[in-house]
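Visitor: Sequence and predicted structure are below.
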Number of protein chains: 2
Amino acid sequence: MDTTPSLIAIDWGTSNFRAFLLDQQGNVLEKKFAKLGILKISRGYFEQHLAQQISDWTQKYPNIPILMSGMIGSRQGWIEVPYLSCPVDLKELAQNLVQANPNKNQWIVPGLRINYPDGKIDVMRGEETQILGALKTSNSSQQVFCLPGTHCKWAWTVDERITEFTTFMTGEIFTLLAKHSILGKLLRSTRTDMQAFDRGMDWSEREEHMLSQIFQVRTQVLGGKLNPHSVHSFLSGLLIGHEIRQVLRTPIVDKKVTLVANARISRLYSRALARNGIDGFMTDSDNVTTQGLFRIATHAGILQRSMIT
Amino acid sequence: MDTTPSLIAIDWGTSNFRAFLLDQQGNVLEKKFAKLGILKISRGYFEQHLAQQISDWTQKYPNIPILMSGMIGSRQGWIEVPYLSCPVDLKELAQNLVQANPNKNQWIVPGLRINYPDGKIDVMRGEETQILGALKTSNSSQQVFCLPGTHCKWAWTVDERITEFTTFMTGEIFTLLAKHSILGKLLRSTRTDMQAFDRGMDWSEREEHMLSQIFQVRTQVLGGKLNPHSVHSFLSGLLIGHEIRQVLRTPIVDKKVTLVANARISRLYSRALARNGIDGFMTDSDNVTTQGLFRIATHAGILQRSMIT
């Protein structure tokens, strides 16, 4: 195995900065994490912050290429990288990297955009890289991905091209309700109560609107039917249930969905999918990010190849 | 006309305190307003705050009865007044007033609760008084009321009894999104743009979930299809549209809804209803509150009758 570094892979989003030093096969040699999302950095200071974060790596490997994905390529980021329109594959992404600094080996992956015929527009930045990292060469030409988070993305690939995707603001609504609403005042703990999660899912399957059902979180507690310690899980089941119910209006090929999220959230989505007869395949989200960036860098020909090989 | 005061009518909610000095016919002689909702007052200090707010009235009319409605009767209020179960009419409310201070002529109107057979529970405090104040003796036995606000209530009356109601958290979700979400960052003004409101209504009529559609607020702006100055109205149309679409799954008798809200919100709901062939009859919310409290006080026999009459 050749452990000479080939790439610094960076996932730079709204809230966090994650950097990975990869070897010649794309394995992670070292990693760094900082709560240094793009919203915390003033325009013009991205390069400086990046240099500080990875100075020990760049001192040892001065010419190592850097590839970044995520909101770093947005209007609020380092440089605005134009969206590519779906369908998009690895090759097209690799051909459209944008140099963050024209004099340096520092690149940003473009985000994706889709314009639906009915006027709906959807966008992503960062998730395209994770999807391509999680993509399996498979017998089935179509694969379905779910990337839960503040803005949960559901994406469909056909023959290794991302063809379509849609965003649900499930995570953001959950956080708003838990932190800032009258329901938040009822929250006693954030422990996971799978029974309460299932009850929330049950509610989501009724013919009522979410705007009305979320008030049930309050009234069920008032009425002594819901333990305040289970509010967190009930609300979670209710919102995830609404999202999944909508997605499953379209049948899922092979009844299989690849989940890209941390273990806690993946378990919830997996449970919600299982209830609908669908197998949620869990992945490690750091791993799919580095795999995606490594694959894109390989196609772009920007990897630093070891002299040994 | 006899302008001797008969009652101090008070609407005391989560955020605001409103008091009205009423004459023998229930007309408003004077009124007071304070941003002194129950959440701003420590337990045990309600009587003191009340005395301060209306001291000039009670000095002039020392024995005048006081009738209060709203969250003042909740667990977080002065004294917890048990909910009455629907169906409920004026007489039953009047018979179940609770004395805030057993030695004084100070009363609180009970809130309403409904337990649906499917386990759904709903509650209201304050709106029952407004509904009874807005209730018209009409040819039609059934009437429909919409009381928009943080927690919008839709209520149905049959023969002057409140038989059923349901809550939508439309107002709270709107405020959370406008104040604390990524969409809020796009907001440039709160001016009303009726065209954008209508576009939001258009979107709400599609077969997509609200959790997905609210992300359109962002992408339509990013895509240059929505003016940031119109985000407020678009989001408003989208959310109100979702609420009304759900309510209209059940036909509205006589295609008439009585709206209890301020003029700005009433106009929006009225427009949304008109689009569905329904006539939204606007009322003055202060007026329906005082009418309701006056009617309840009359039935309860607690009014201070003038010697003149």
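Guide: Ah, there it is. Numbering: from 1, shown residues only, chains lettered A, B, ... in the order given.
Visitor: excluding its backbone neighbours, what's nearest the closest residue to chain B within the stretch 1-150 of chain A?
Guide: Per CB to the nearest CB, A:I121 is where the stretch 1-150 of chain A lies closest to chain B, at 4.0 Å. To be clear about C-beta, it is placed using only N, CA and C from the backbone, and glycine gets the same treatment. Once flanking residues are discounted, A:I121 sits nearest to B:T219: 4.0 Å by CB to CB, 6 or more residues apart in numbering or on different chains.
Visitor: Model confidence for the one you found, exactly?
Guide: You'll see B:T219 listed with a pLDDT of 96.
Visitor: now do A:S138
Guide: 66.
Visitor: Same question for A:T14.
Guide: 89.
Visitor: for it, helix, strand, or coil?
Guide: Taking DSSP: H, G, I helix; E, B strand; the rest coil as the rule, one finds A:T14 in the coil state.
Visitor: Apart from its neighbours in sequence, what residue is nearest A:R125?
Guide: Counting by CB to CB, 6+ apart, the residue nearest A:R125 is A:G111, at 3.4 Å.
Visitor: That neighbour against A:D122, yeah?
Guide: No. If you go by CB atoms under 8 Å, A:G111 and A:D122 don't touch, sitting 10.7 Å apart.
Visitor: now the residue of chain A most remote from its centre: how far from chain B?
Guide: Distance from the centre of chain A peaks at A:G223, with 37.7 Å (CA atoms, centre = their mean). From A:G223 across to chain B, the span is 4 Å (CB to the nearest CB, to the nearest Å).
Visitor: Let me see the contact set for that residue.
Guide: For A:G223, the contacting residues are B:115, B:121, by CB atoms under 8 Å, 6 or more residues apart in numbering or on different chains.
Visitor: where does it land on pLDDT?
Guide: pLDDT recorded at A:G223 is 93.
Visitor: cool, A:I182 as well?
Guide: 82.
Visitor: how deep is it tucked in, by neighbour count?
Guide: Neighbour count of A:I182, defined by other CB atoms under 10 Å in any protein chain shown: 16.
Visitor: next one: A:K104
Guide: A:K104 has 12 nearby residues by other CB under 10 Å.
Visitor: ok, now A:Y61?
Guide: Quick note: A:Y61 (other CB under 10 Å) scores 17 neighbours.
Visitor: Low-confidence ranges, chain A, go.
Guide: Residue ranges of chain A with pLDDT under 70: A:138-140, A:308-309.
Visitor: can you give me the helices in it?
Guide: Counting by DSSP state H, the segments of chain A that form helices are A:46-53, A:55-60, A:90-95, A:127-134, A:170-180, A:194-204, A:210-222, A:231-247, A:263-274, A:285-300.
Visitor: The longest one - contacts with which helices or strands?
Guide: Using 3 or more CB pairs under 8 Å, 6 or more residues apart in numbering or on different chains; DSSP states H and E as the contact criterion, the neighbours of helix A:231-247 among helices and strands are strand A:161-168, helix A:170-180, helix A:194-204, helix A:210-222, helix A:263-274, helix B:210-213.
Visitor: out of those, nearest to A:N96?
Guide: strand A:161-168 (13.6 Å; CB to CB).
Visitor: Next, the buried residues of the closest one.
Guide: By neighbour count on 16 or more other CB atoms under 10 Å in any protein chain shown, the buried set for strand A:161-168 is A:161-162, A:165-168.
Visitor: among these, which are in reach of chain B?
Guide: By CB under 8 Å from any CB of the partner chain, the members of the buried residues of strand A:161-168 lying near chain B are A:166-168.
Visitor: what sits against the residue nearest to A:I121?
Guide: B:T219 sits next to A:120-123, A:167 when contact means CB under 8 Å, 6+ apart.
Visitor: Can you name the two of these that sit furthest apart?
Guide: Longest span within these, CB to CB: A:K120 and A:V123, 11.1 Å.
Visitor: Contacts only, for the nearest residue to A:A274 once chain neighbours are set aside.
Guide: Distances taken as CB to CB, 6+ apart place A:G280 nearest to A:A274, at 6.8 Å, with adjacent residues excluded. For A:G280, the contact set (CB under 8 Å, 6+ apart) comprises A:146, A:257, A:259, A:266, A:269-270, A:273-274.
Visitor: The stretch 151-300 of chain A against chain B: which residues are in contact?
Guide: So the stretch 151-300 of chain A meets chain B at A:151, A:166-170, A:172-173, A:176-177, A:179-182, A:206-212, A:214-216, A:219-220, A:222-223, A:225, A:239, A:242-243, A:245-246, A:249 (CB under 8 Å from any CB).
Visitor: Tell me if I'm right that A:R264 and A:T190 touch.
Guide: No. Applying CB under 8 Å, one finds A:R264 not in contact with A:T190, separated by 10.1 Å.
Visitor: quick one: which of the two has more around it?
Guide: Ranked by neighbour count (other CB under 10 Å), A:R264 and A:T190 place A:T190 first, with 11 against 8.
Visitor: ok, the more buried one - contacts?
Guide: Here A:T190 is in contact with A:H232 (CB under 8 Å, 6+ apart).
Visitor: how close does it get to A:N227?
Guide: Using CB to CB, to the nearest Å, A:T190 is found at 14 Å from A:N227.
Visitor: now A:H242
Guide: Distance of A:H242 to A:N227, computed by CB to CB: 22 Å.
Visitor: Looking at these two, which is more packed in?
Guide: Using other CB under 10 Å as the criterion, A:H242 and A:N227 rank with A:H242 on top: 26 against 16.
Visitor: hmm, back to that, contact partners for the residue of the stretch 1-150 of chain A closest to chain B?
Guide: Contacts of A:I121 (CB under 8 Å, 6+ apart): A:113-115, B:216, B:219-220, B:222-223, B:225.
Visitor: Looking at these, state which has the most neighbours.
Guide: Neighbour max across the contacts of A:I121 (other CB under 10 Å) = B:Q216, 26 neighbours.
Visitor: ok, back up a step: now, which of the ones next to chain B among the buried residues of strand A:161-168 sits nearest B:L132?
Guide: Looking across those and measuring by CB to CB, the closest to B:L132 is A:F168, at 40.7 Å.
Visitor: just checking, the closest one touches A:A155?
Guide: No. A:F168 is beyond contact range of A:A155, at 11.9 Å (criterion: CB under 8 Å).
Visitor: shared neighbours of those two, anything?
Guide: In contact with both A:F168 and A:A155: no residue, using CB under 8 Å, 6+ apart.
Visitor: and A:E30, what are its bridge partners?
Guide: A:L21 (DSSP bridges).
Visitor: neighbours of it, just the number please.
Guide: 13.
Visitor: Tell me the spacing between the residue nearest to A:A274 and chain B.
Guide: 19 Å.
Visitor: what's across from that residue in the sheet?
Guide: Here A:G280, judged by DSSP bridges, has bridge partners A:V257.
Visitor: what does A:V88 give?
Guide: With DSSP bridges as the rule, A:V88 is bridged to A:I162.
Visitor: Now do the contacts for it.
Guide: A:112, A:128, A:161-162.
Visitor: Check the gap between it and A:T157 for me.
Guide: From A:V88 to A:T157 the distance is 10 Å (CB to CB).
Visitor: count of neighbours near the residue lying closest to A:K179 once chain neighbours are set aside?
Guide: Excluding its sequence neighbours, the residue lying closest to A:K179 (CB to CB, 6+ apart) is B:H180, at 7.6 Å. For B:H180, the count of nearby residues is 15 (other CB under 10 Å).
Visitor: what do you get for A:V123?
Guide: 20.
Visitor: my read: it touches B:Q220, true?
Guide: No. Judged on CB under 8 Å, A:V123 makes no contact with B:Q220 at a distance of 10.9 Å.
Visitor: quick revisit: distance to B:K104 for the contacts of A:I121 - can I get that in TSV?
Guide: Below are the contacts of A:I121 laid out as TSV (distance: CB to CB, whole Å):
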residue	distance to B:K104
A:R113	66
A:I114	66
A:N115	67
B:Q216	55
B:T219	58
B:Q220	57
B:L222	60
B:G223	62
B:K225	60
